[in-house]
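A.B. asks: mind folding the following:
(3 chains)
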Amino acid sequence: MKPVTVRRARGSLGRYLLRRLAFLLVSLLLASVVLFLLLRLLPGDPANALLSVGATPEQIEAARHRIGTDRPLAEQFLPWLGDLATFSFGTSFVSSLPVGPEIASRLAVTVPLTLLAFLLALVIAVPVGFVAAWRSRTWYGSLLSGLSQLGIAVPAFWIGILLVTVFALQWRVLPAGGFPSDDWASAPDALRSLALPIVTIALVMSASLIRYVRSATLDVLGSDYLRTARSLGSSFVGAVWRHGVRNGAVPVVSILGIELATTFLGAVVVESVFALPGLGSLLVQAIDQHDYPVIQGVLFVSTLAVLVIGFLADLAQRLIDPRLRSGVGT
Amino acid sequence: MSGLGSASEPAALGEPEAGTVVAPGSRRSRRRSVALVVGGVLVGLVVLVAVVSLFWTPYPPDDTTGGRLSAPDGAHWLGTDKLGRDLVTRLMIGARIALQTGAGAVLLGGVLGVLAGLAAGFAQRWLDDTLAALLDILIAFPTLLLAMLVVAARGASLASAVLAIGLAMSAIVARLTRVLVKRVLAQDYITASRTSGTSWPRVIVEHVLPNVWPTLVVNLALQFGLAVLAEASLSYLGLGPPPPNASWGQLLQEAQATVLTAPIGAIAPGVALVLLVVGVNLIADGLRDVADPTRRRSS
Amino acid sequence: MKRKAVIGGILTAVLALAACGGGNGDSGSGSADANATIQVGSLYEPQNLDNTNGGGQGVTEAFNGNVYEGLFRLTDDGEVEPLLAEKHEVSPDGLTYTFTLRDGVKFHSGKALTSADVKYSIEKVTAENSQSARKSQLEVIKSIATPDARTVVVTLASKSISFVYNLSYVWVINDQAKNLSTSEDGTGPYRLGAWKRGSTLTLTKFDGYWGTKPSNSGVVFHYFTEATALNNALLTNQVDVVTSEQSPDALKQFDNADYKITNGKSTTKLLLAFNDKVAPFTKVGVRKAVSSAIDDKKLLESVWGEYGTLIGSMVPPTDPWYEDLTKVNPYDVALAKKELAAAGYPNGFTFTLDTPNYDPHPTAATFIKSELAKVGITVNINVITADEWYTKVYKNHDFTATLQEHVNDRDVVWYGDPTFYWGYDNPQVATWVKQAEQSDTEAQQTALLKKVNQQIARDAASDWLYLYPQIVVASSKLSGYPVNGLNSQFYAYGITKS
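C.D. replies: Reported below is the predicted structural model:
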């Protein structure tokens, strides 16, 4: 009977995947349209970014004409939609550079930063959270828990400032900021620039992850099924692995997904401290200059990232816990 | 980033922390009341300072006679900032701003979130699916971006910051409320109450709200701390209230230019932030078991 | 302990990373290194690469004199020298200018410079859709003729004594070049290497340059959005020089033998600009009273410490028609009160001050508020974004008073335009400005503009709070860098690094 069950389960998993994918695309499109409208309803004139004091009214009009904001909303919308269909994000109002390559070069900084910080946070949080729960009644268990309590109360940029002061300005072992102009051509140089930012983000992220891992572990350790499994003869490690991880991991995975997703753009604060040319700072600059194509492009990419990460997290949950596999609905 | 609105506590997302049945007076319960006391003292200290700042500060807030970046001495206990303003004074005003932001955001986020969550909790099938998905998307929408759009629309001010943070918070609160409401609605006593003729509004008031209330309070307490951190980040990026804003985040932003020559300015506001947020989190921890000591772990 | 081990591991990894991958190499020796690349730190990134298309202050800094050259060059001391125009002649009636171009000049693409390129370049600035800040000043041009490849003849509609000076801002561009917003084709000693927006802009030595080769092999401009990050980069030797410090706080950390701080001449003025067409600032007496009620010296000290200069009018010390007019409306609270009463406001009045939200405007606004309170004037501070300022104040003139910094030199002539945003309308001054432009000699021009200067000070057309300092901080290994940074230009070809 097993093969049949697996096939049926896989089939429903496949259908589920397709449904989620369709949902993802529709959400993306909807979000983009809403953003397009929202931006153009905001006060402020993108043409102002191109002007200097001394500009005549004719020059002001000419600027608006060049970037197309003097046309009615409907006329601006269709070309943009067409651009989207061909995976082009248009050109920046301010720099006239195509938006796509610019976003790509920012991603070359933000993606490694986020992923490496995430990995480091996991490496720290999983063992520490586990120990904090397993030995929760000891002094070091409480200490770990207390430290994580402190960790979630600290603003990320403060940690960044402190790290820069110590490691870059005082000890001069790492750069104070910036990113090599030739990107990843020299990987050690690029990694040196990312070292302190990665540690900053990882410290803050791990503090909060520790609490989740600890909570999930406490759940598992005190659970009935673990007691049952042990009473039936399984070793502690075996029982924890077979039942504990499966059950405990599910909520943790969903949290991981959210943490990773929000760090994408949320890392802008860290980018500011370390002068990194990442996605977040591009967005801040674009909003400041009312550079709509860039804003839309960045948000499209980040919404896509968020939705994809959420989707992957969901998938991971279902793979870990067979009970969720053949379920219908989200 | 957990400093910007994502939940950093299990309870903040509706995942109940591991609680076993606890008898009052046991070690865990004693530890919890310690948490409550310590948290209360920390927060109380900040509140005291903020209230005092309304009536008295060592110097008038705009007073620039202190000499730039002077070291701590008898006249200025923590020294002065780059314009000669007394740091203690600015910290006190910052305490006021932090508490205003936290309270305002929690009020806005709480009210909006609970109402939305109630509605979502009652929704069925496709409406339920849609609302759940919508809430998920809203939660994933970075608070920072929301704040920037609000600032672009309304100009930078404390109100804009509170509005943005409150809106972001309401999505998380709504999601939690939805889960809790659904759980309550699935209980037998609800069906019983309905069959005996109680109207929906009365059911909500008499059964639903009292049962979701404890968990919500804990969650809102945690969100308070997150709101304070979010405001600090916004001020740091220049999206908070405009100068002469004295929010702790703004103080840190101003101090980082002179962190080597005048370190106090870069340390004191950070310490203040940590104390307040830790205090609030400890209170939330303490409330969790005080509010519902017999709560059992549920999956 | 797990956590200790982990932290230890992180520290080791961090130190290991620090060991490999080097920082900027030190050439070690004391003599100049002709192959050195100069790392420049700046807060002003170009918005795009075309200064007639909204490129902004940043593209002037990076490209003026480095990548693009004009017929004339404005030196760091404010002198106008011939550059691509080897010589020029002016007809006796002052309406026809004949420029003879230098021989043997090539663009970066290899094409030779001809008069057609010059004609194209000038017309680009005066074109209808040009965003150039110099467009209105060159509108006096009636026609441009190119009788041969080395001669350009420009005919003006009326005399313009500043014409040659204005031409120093016009880039000479290859008339066949495309995509000028994202690429370049100029005649300068450097060509564009790469522009990584948000990060760096690289210039490399152009081997086919007609003139003296640069003293270095290239320049990399590093762009920062925060002054702290910029200073940190200088402190850790990621950059060799910072083009313009924005506040004196961070200077203490450079006060040692490794760095040199220079205080040059600046043309940026902070103005409290009244709307002269709106009550109560329609009255000269009120404007004078407000000017005398504010202690400019104290404000300057609190923002800039020991740096910066006080000015009594719109003209900075580097302009030829400068005069010290700080005594015309001196700081004198008693005098202010008297003037207020005489103007009909013995009990003061209330007004809204539209304040840009970036430094130093909010600080200045707070200071002004407390100063004016002492004479009974209540100030409501309305903080707005740069964007709002353009729309509300500059375009719509919907304000009573505002704060703003003005960076250009020779901009006293704006007081001759009654439609300018501050609404100063004095027909005599307007006449003098027109006459000054049509002077036959520079002495004449100077005399007339001095009269303008004195008149606007007497009329307290605006309140000129102070002149910014121009502070450049560089590593001691560097020499030959510009210290005045007139109009944001930063000539890099003379910089040597030892």
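A.B. asks: contacts only, for A:Leu196.
C.D. replies: A:Gly160, A:Leu163, A:Val164, A:Phe167, A:Ala168, A:Leu174, A:Phe274 (CB atoms under 8 Å, 6 or more residues apart in numbering or on different chains). Placement of C-beta: from N, CA and C, glycine included.
A.B. asks: where does the closest residue to chain A within the stretch 51-200 of chain C land in three-state SS?
C.D. replies: Among the residues of the stretch 51-200 of chain C, C:Gly54 lies closest to chain A, at 2.9 Å counting by CB to the nearest CB. Using DSSP: H, G, I helix; E, B strand; the rest coil, the secondary structure recorded for C:Gly54 is coil.
A.B. asks: so it sits against C:Gln131, correct?
C.D. replies: Yes: with the criterion set as CB atoms under 8 Å, C:Gly54 and C:Gln131 qualify as a contacting pair; they are 4.6 Å apart.
A.B. asks: so what's the residue count around the residue of the stretch 51-200 of chain C closest to chain A?
C.D. replies: C:Gly54 has 29 neighbours, counted by other CB atoms under 10 Å in any protein chain shown.
A.B. asks: mind checking which helix or strand C:Asp319 is in?
C.D. replies: Counting by DSSP states H and E, there is no helix or strand that carries C:Asp319.
A.B. asks: what about it, distance to C:Ser244?
C.D. replies: According to CB to CB, to the nearest Å, C:Asp319 and C:Ser244 sit 19 Å apart.
A.B. asks: ok, the two, which is more surrounded?
C.D. replies: Neighbour comparison, C:Asp319 and C:Ser244: the larger count goes to C:Ser244, with 23 against 18 (by other CB under 10 Å).
A.B. asks: for the residue lying closest to the more buried one once chain neighbours are set aside, the count of nearby residues, please.
C.D. replies: The shortest distance from C:Ser244 to any non-neighbouring residue, by CB to CB, 6 or more residues apart in numbering or on different chains, is to C:Gly485 (6.0 Å). Residues within reach of C:Gly485, counting by other CB under 10 Å, total 22.
A.B. asks: ok, residue 109 - how many residues close by?
C.D. replies: All of this refers to chain A. Each residue near A:Val109 was counted by other CB under 10 Å, and the total is 27.
A.B. asks: nope, chain C
C.D. replies: By other CB under 10 Å, the residues close to C:Ser109 number 13.
A.B. asks: who are the contact partners of the closest residue to it other than its chain neighbours?
C.D. replies: Beyond its immediate neighbours in the sequence, the residue positioned closest to C:Ser109 (CB to CB, 6+ apart) is C:Asp185, lying 5.0 Å away. Under the criterion of CB under 8 Å, 6+ apart, the neighbours of C:Asp185 are C:Phe107, C:His108, C:Ser109, C:Lys111, C:Ile173, C:Asn174, C:Gln176, C:Ala177.
A.B. asks: need the max-distance pair from the residues you listed.
C.D. replies: Comparing all pairs in those by CB to CB, the longest separation belongs to C:His108 and C:Gln176, at 12.3 Å.
A.B. asks: higher neighbour count, these two?
C.D. replies: Neighbour count, other CB under 10 Å: between C:His108 and C:Gln176, C:His108 has more, with 22 against 12.
A.B. asks: mind checking pLDDT for that one?
C.D. replies: Taken from the predicted model, the pLDDT recorded for C:His108 is 93.
A.B. asks: so where does the closest residue to it other than its chain neighbours fall, helix or strand?
C.D. replies: Closest residue to C:His108 apart from its sequence neighbours, by CB to CB, 6+ apart: C:Arg191 at 4.4 Å. Of the helices and strands defined by DSSP H and E, C:Arg191 is found in strand C:190-196.
A.B. asks: pull up the pairing partners for that strand, direction included.
C.D. replies: strand C:200-205 (antiparallel) (DSSP bridges).
A.B. asks: got a list of contacts for the strand it pairs with?
C.D. replies: With CB under 8 Å, 6+ apart as the criterion, strand C:200-205 contacts A:181, C:45-46, C:62, C:66-67, C:189-195, C:213-214, C:216-223, C:492.
A.B. asks: pull out the buried positions in it.
C.D. replies: Using 16 or more other CB atoms under 10 Å in any protein chain shown as the burial criterion, the residues of strand C:200-205 that qualify are C:Thr200, C:Leu201, C:Thr202, C:Leu203, C:Lys205.
A.B. asks: C:His406: neighbour count?
C.D. replies: Using other CB under 10 Å, the number of residues around C:His406 comes to 19.
A.B. asks: could you do C:Lys374 as well?
C.D. replies: Using other CB under 10 Å, the number of residues around C:Lys374 comes to 14.
A.B. asks: can you read off the pLDDT for it?
C.D. replies: Reported pLDDT for C:Lys374: 87.
A.B. asks: skipping adjacent residues, who's closest to it in space?
C.D. replies: C:Val333 (6.2 Å).
A.B. asks: would you map the helices across the stretch 51-200 of chain C?
C.D. replies: Listed in chain order, the helices found in the stretch 51-200 of chain C under DSSP state H, counting those that start in this stretch are C:57-63, C:115-126, C:163-167.
A.B. asks: which of these sits most buried?
C.D. replies: helix C:57-63 (a mean of 24; mean count of other CB atoms under 10 Å in any protein chain shown).
A.B. asks: picking that back up, who's in contact with the residue nearest to C:Lys374?
C.D. replies: With contact taken as CB under 8 Å, 6+ apart, C:Val333 is in contact with C:Ser292, C:Ala293, C:Lys374, C:Val375.
A.B. asks: contacting residues for the last one?
C.D. replies: With CB under 8 Å, 6+ apart as the criterion, the residues that contact C:Val375 are C:Ala289, C:Ala293, C:Val333, C:Ala336, C:Lys337, C:Leu340, C:Gly348.
A.B. asks: which residue packs closest to the last one, ignoring adjacent ones?
C.D. replies: Pointing back at C:Gly348 there. C:Gly376 (2.8 Å).
A.B. asks: which ones are touching the residue of the stretch 51-200 of chain C found nearest chain B?
C.D. replies: Distance from chain B to each residue of the stretch 51-200 of chain C (CB to the nearest CB) is smallest for C:Gly198, at 15.7 Å. Contact criterion CB under 8 Å, 6+ apart gives A:Arg106, A:Pro277, A:Ser281, A:Leu282, A:Gln285, C:Glu45, C:Tyr223 as the residues in contact with C:Gly198.
A.B. asks: which among these are in contact with chain B?
C.D. replies: When contact is defined as CB under 8 Å from any CB of the partner chain, the contacts of C:Gly198 do not meet chain B at all.
A.B. asks: how about the residue in the stretch 1-150 of chain B that chain C sits nearest to, secondary structure?
C.D. replies: Among all residues of the stretch 1-150 of chain B, B:Lys82 sits closest to chain C, at 4.7 Å; criterion: CB to the nearest CB. Under the three-state scheme (three-state DSSP), B:Lys82 adopts coil.
A.B. asks: wait, it sits on B:Glu254?
C.D. replies: Yes: applying CB under 8 Å as the test, B:Lys82 and B:Glu254 come out as touching, 6.5 Å apart.
A.B. asks: what about B:Ala147, which helix or strand?
C.D. replies: B:Ala147 is part of helix B:143-154, with elements assigned from DSSP H and E.
A.B. asks: wait, does that helix make contact with chain C?
C.D. replies: No: Helix B:143-154 lies apart from chain C when judged by CB under 8 Å from any CB; the minimum separation is 8.6 Å.
A.B. asks: which residue packs closest to the residue of the stretch 1-150 of chain B closest to chain C, ignoring adjacent ones?
C.D. replies: Leaving out its chain neighbours, B:Lys82 is closest to C:Asp249 (CB to CB, 6+ apart), at 4.7 Å.
A.B. asks: for the residue lying closest to A:Asp83 once chain neighbours are set aside, give me its contacts.
C.D. replies: Taking CB to CB, 6+ apart, and ignoring the residues beside it in sequence, A:Asp83 has A:Gly90 as its nearest neighbour in space, at 4.9 Å. For A:Gly90, the residues meeting the contact criterion (CB under 8 Å, 6+ apart) are A:Trp80, A:Asp83, A:Pro98, A:Val99, A:Pro293, A:Gln296, A:Gly297.
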